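Sequence below, structure please.
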Amino acid sequence: MDCLNNAGRLGSYRNTVIYSTLMPCYMCAGTIVQFKIPKVIVGESQTFPGAREFMESHGVEVIDLNLPECVEMMQAFIREKPELWNEDIMEE
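Numbering: from 1, shown residues only. Model prediction:
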């Protein structure tokens with residue numbers, strides 16, 4: 001959401017692509033759907049599965065690259081800063 005707020009006045013996001021290290025959560029996925037962004041490219045979804053099905057059900061093309069370097073980077077972040085990770089990500 002922050003990247004969209006800081007993108008300026010594009011007028012339309014229909015020809016844009018969102019790149020994200022993690023699969024977007026439901027809040028971010030809702031924003032993607034609302035702004036009619038057609039494509040999301042994700043570094044990995046092992047660390048956080050996010051809302052892929054929600055986006056796809058609204059016509060968003062989701063590409064999960066499943067990059068080992070993204071998984072490793074996120075695992076290191078979680079190890080080093082669990083309080084920050086758990087601030088936003090809640091385990092079920």
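
Just the buried residues of stretch 57-72, please?
Within stretch 57-72, the residues scored as buried using 16 or more other C-beta atoms under 10 Å are 60, 62, 64, 70-71. In short, each C-beta sits where N, CA and C put it, glycine included.

Now, the residues you listed that are in helices?
70-71 (DSSP state H).

Same list, the buried residues of stretch 57-72, but as CSV with pLDDT and distance to Glu53 please.
Formatted as CSV, the buried residues of stretch 57-72 follow (pLDDT from 0 to 100; distance: C-beta to C-beta, whole Å):
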residue, pLDDT, distance to Glu53
Val60, 97, 10
Val62, 98, 9
Asp64, 97, 12
Cys70, 94, 20
Val71, 95, 21
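
Turn the buried residues of stretch 57-72 into JSON lines, columns for distance to Phe54.
Formatted as JSON lines, these follow (distance: C-beta to C-beta, whole Å):
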{"residue": "Val60", "distance to Phe54": "9"}
{"residue": "Val62", "distance to Phe54": "10"}
{"residue": "Asp64", "distance to Phe54": "14"}
{"residue": "Cys70", "distance to Phe54": "21"}
{"residue": "Val71", "distance to Phe54": "22"}
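
who's in contact with the residue nearest the centre of the chain?
Central residue of the chain (C-alpha atoms, centre = their mean): Pro24, 2.6 Å from the mean position. With contacts defined as C-beta atoms under 8 Å, 6 or more residues apart in numbering, Pro24 is in contact with 18, 32, 40, 42, 50-51, 55.

quick check, nearest of the buried residues of stretch 57-72 to Cys28?
Val60 (11.4 Å; C-beta to C-beta).

Can you give me the separation between that closest one and Pro82?
When C-beta to C-beta, to the nearest Å is the yardstick, Val60 and Pro82 sit 31 Å from each other.

One more: Gly30?
27 Å.

closest to Asp88 among the buried residues of stretch 57-72?
Distances from Asp88 to those, taken by C-beta to C-beta, are shortest for Cys70, at 17.5 Å.

Quick one: residues contacting the closest one.
Cys70 neighbours (C-beta under 8 Å, 6+ apart): 21-22, 43-44.

From these, pick the one nearest Asp88.
Closest approach to Asp88 among the contacts of Cys70 (C-beta to C-beta): Leu22, at 10.6 Å.
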